[in-house]
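A.B. asks: Below: sequence and its predicted model.
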Amino acid sequence: MKITPLQLTVADLTDGFEDSSELGARAYGGKLDIRPPYQREFVYTGKQRQAVIETAAKDFPLNVMYWAVNGEDDFEVIDGQQRTISLCQYMDSEFALPLFGKPEQRYFHNLQPDEKDRLRNYKVTVYLCEGTPSEKLDWFRVINTAGEKLTDQELLNAIYSGPWVSDAKRYFSKTGCPAYQLGSDYVTGSPIRQEYLEKVIKWINDGDVEGYMGLHQEDANAAPLWQYFQGVIAWVKAVFPNYRSTMKSVKWGTLYNQFKDAPLNSIELEQEIGKLMTDDEVQKKPGIYAYLLTQDEKFLALRTFSENQKRAQFEKQKGVCSVCQKTFTYEEMAGDHIVPWSKGGKTVPENLQMLCSFDNNSKGNK
């Protein structure tokens with residue numbers, strides 16, 4: 001990994017700034033791609049943007065930035081997009097601030113000549129980074145500790161940039177993107193922070209995001225991923241047609257991969273969902289969908305006996321296991337439903353017995 005420090009003025013950095021939906025955002029005399037197609041959009045709040053400009057106006061040090069070197073006089077921002085755009089927008093008089101101890105809101109063109117020069121001559125430090133994808137990823141993970149922190153997916157987008165990432169962002173990463181319009185009722189997260197893209201890659205590739213991106217980096221487009229996502233949402237709507245807000249937290253891709261070809265009866269499933277939604281034993285309502293398909297009770301986070309209830313039952317049984325009739329300490333025993341939840345048992349003292357660990361683990365739903 002080759003890291004080269006570069007110090008330049010704000011005037012140099014913001015030279016030739018342009019930002020358009022067609023051409024993207026560029027600066028540094030056109031040599032710097034501030035927002036490559038794989039990058040997130042501008043996410044700074046007004047206060048964060050103001051803090052950047054005040055830092056420069058007061059001549060305080062600004063966090064270093066990181067650029068990838070694509071070739072001679074060809075760079076793209078890896079970390080520092082938000083700070084760079086904040087500086088460029090203010091120097092372009094796109095917003096006003098109270099600076100240099102004066103209370104009134106002033107655009108850059110309203111500043112006094114000496115104030116303008118202080119901002120123009122403010123020095124920023126950039127690290128130019130060259131290396132293999134794995135070297136870059138390791139490095140960026142280490143240095144990603146300041147500013148508007150990059151997510152893991154944003155880091156991977158930077159490392160595996162190419163036609164595939166650019167096209168994937170079109171589907172999954174912009175405000176109001178097709179994936180958000182289609183699946184926002186069923187998927188949590190923010191597209192502009194790459195959470196939609198990360199989630200769907202985890203779904204399609206069993207959690208291995210980096211492996212999938214490395215395999216498809218040079219693909220001409222991300223159409224297969226988009227088609228997969230459409231398939232997941234269409235399956236959810238067909239199998240569980242009655243929408244509930246709890247559906248938004250479900251890992252739909254995982255269930256789709258396992259059950260997309262299973263013969264499921266949506267009417268019967270809906271009847272079961274209705275019963276479980278009103279069952280006060282079920283502590284995790286979004287887990288109902290996974291439970292109905294897998295029959296694994298762990299997804300429901302069923303209500304458990306309290307420590308006081310278990311202590312009282314332990315004393316009542318005098319430490320004797322209800323199954324093997326041997327005596328144990330409290331720590332060696334566990335609270336158990338006499339009638340399992342799956343057979344109508346409730347988490348009430350009358351349905352509690354203390355078993356030794358061996359018998360408790362052996363019982364199952366018997």
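C.D. replies: Structure received. Numbers count the residues shown, from 1 in each chain.

A.B. asks: Isn't residue 359 up against residue 325?
C.D. replies: No - using C-beta atoms under 8 Å, residue 359 is not in contact with residue 325, being 10.1 Å away. Where C-beta positions appear, they are placed from N, C-alpha and C, glycine not excepted.

A.B. asks: just for the stretch 251-366 of the chain, where's the confidence low?
C.D. replies: Residue ranges of the stretch 251-366 of the chain with pLDDT under 70: 364-366.

A.B. asks: neighbours of the closest residue to residue 356 other than its chain neighbours, just the number please.
C.D. replies: In this structure, residue 356 finds its nearest non-sequential neighbour in residue 321, 4.2 Å apart by C-beta to C-beta, 6 or more residues apart in numbering. Residue 321 has 22 neighbours, counted by other C-beta atoms under 10 Å.

A.B. asks: next one: residue 76
C.D. replies: Residue 76 has 22 nearby residues by other C-beta under 10 Å.

A.B. asks: Any figure for the gap between it and residue 159?
C.D. replies: 12 Å (C-beta to C-beta, to the nearest Å).

A.B. asks: Residue 359 and residue 325: which has the busier surroundings?
C.D. replies: residue 359 (19 against 8).

A.B. asks: Next, the contact list for the more buried one, please.
C.D. replies: 321-324 (C-beta atoms under 8 Å, 6 or more residues apart in numbering).

A.B. asks: what's the farthest-apart pair in these?
C.D. replies: Maximum pairwise distance among these (C-beta to C-beta): 8.4 Å, between 322 and 324.

A.B. asks: ok so, going back, would you turn the contacts of residue 359 into a markdown table with distance to residue 205 and secondary structure?
C.D. replies: Conversion of the contacts of residue 359 to a markdown table gives the following (distance: C-beta to C-beta, whole Å; DSSP: H, G, I helix; E, B strand; the rest coil):
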| residue | distance to residue 205 | secondary structure |
| --- | --- | --- |
| 321 | 46 | coil |
| 322 | 47 | coil |
| 323 | 45 | coil |
| 324 | 47 | coil |
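
A.B. asks: which of those tops the neighbour count?
C.D. replies: Counting neighbours by other C-beta under 10 Å, residue 321 comes out on top of the contacts of residue 359 with 22 neighbours.

A.B. asks: With adjacent residues omitted, what lies nearest to residue 67?
C.D. replies: Nearest to residue 67 is residue 75, by C-beta to C-beta, 6+ apart, at 4.4 Å.

A.B. asks: What distance do you get for the one you found to residue 304?
C.D. replies: Noted for residue 75: a distance of 56 Å to residue 304, by C-beta to C-beta.

A.B. asks: who's more crowded, these two?
C.D. replies: Using other C-beta under 10 Å as the criterion, residue 75 and residue 304 rank with residue 75 on top: 21 against 13.

A.B. asks: And the average pLDDT for the helix or strand hosting that one is what?
C.D. replies: Element membership for residue 75 (DSSP states H and E) is strand 74-79. What strand 74-79 shows for mean pLDDT is 86.

A.B. asks: Would you mind writing the CA trace of that strand as PDB?
C.D. replies: This file holds the C-alpha atoms of strand 74-79, laid out as PDB (Å, rounded to 0.1, in the frame of the first residue of the first chain):
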ATOM      1  CA  ASP A  74      -7.100  11.500 -11.700                       C
ATOM      2  CA  PHE A  75      -8.400  11.100  -8.100                       C
ATOM      3  CA  GLU A  76     -11.600  10.200  -6.300                       C
ATOM      4  CA  VAL A  77     -12.600  10.900  -2.700                       C
ATOM      5  CA  ILE A  78     -12.800   7.900  -0.400                       C
ATOM      6  CA  ASP A  79     -13.200   9.700   2.900                       C
END
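
A.B. asks: what's that strand packed up against?
C.D. replies: strand 32-33, strand 65-71, helix 133-143 (3 or more C-beta pairs under 8 Å, 6 or more residues apart in numbering; DSSP states H and E).

A.B. asks: mind listing what's buried in the second one?
C.D. replies: Along strand 65-71, these residues count as buried under the neighbour rule (16 or more other C-beta atoms under 10 Å): 65-68.

A.B. asks: Can you tell me the element the residue lying closest to residue 242 once chain neighbours are set aside falls in?
C.D. replies: In space, and not counting its chain neighbours, residue 242 is closest to residue 270: 5.6 Å by C-beta to C-beta, 6+ apart. Assigned by DSSP H and E, residue 270 belongs to helix 266-277.

A.B. asks: try residue 213
C.D. replies: helix 209-216.

A.B. asks: Likewise for residue 288?
C.D. replies: Using DSSP H and E, residue 288 maps to helix 288-294.

A.B. asks: again, but for residue 310
C.D. replies: Per DSSP H and E, residue 310 falls inside helix 307-317.

A.B. asks: in that helix, what's buried?
C.D. replies: Going by neighbour count (16+ other C-beta under 10 Å), the buried part of helix 307-317 is 310, 313-314, 317.

A.B. asks: The residues you listed: which two are farthest apart?
C.D. replies: Among the buried residues of helix 307-317, 310 and 317 lie farthest apart (C-beta to C-beta), at 10.5 Å.

A.B. asks: Find residues that contact each of these two.
C.D. replies: Shared contacts of residue 310 and residue 317 (C-beta under 8 Å, 6+ apart): residue 354.

A.B. asks: As a check, name the ranges of all strands in this structure.
C.D. replies: 2-9, 18-20, 24-27, 32-33, 65-71, 74-79, 123-130, 333-337, 352-356 (DSSP state E).

A.B. asks: how much does the first one deviate in direction from strand 65-71?
C.D. replies: Pointing back at strand 2-9 there. Using axes from the mean of the first three to the mean of the last three C-alpha atoms, to 10 degrees, the inter-axis angle of strand 2-9 relative to strand 65-71 is 110 degrees.
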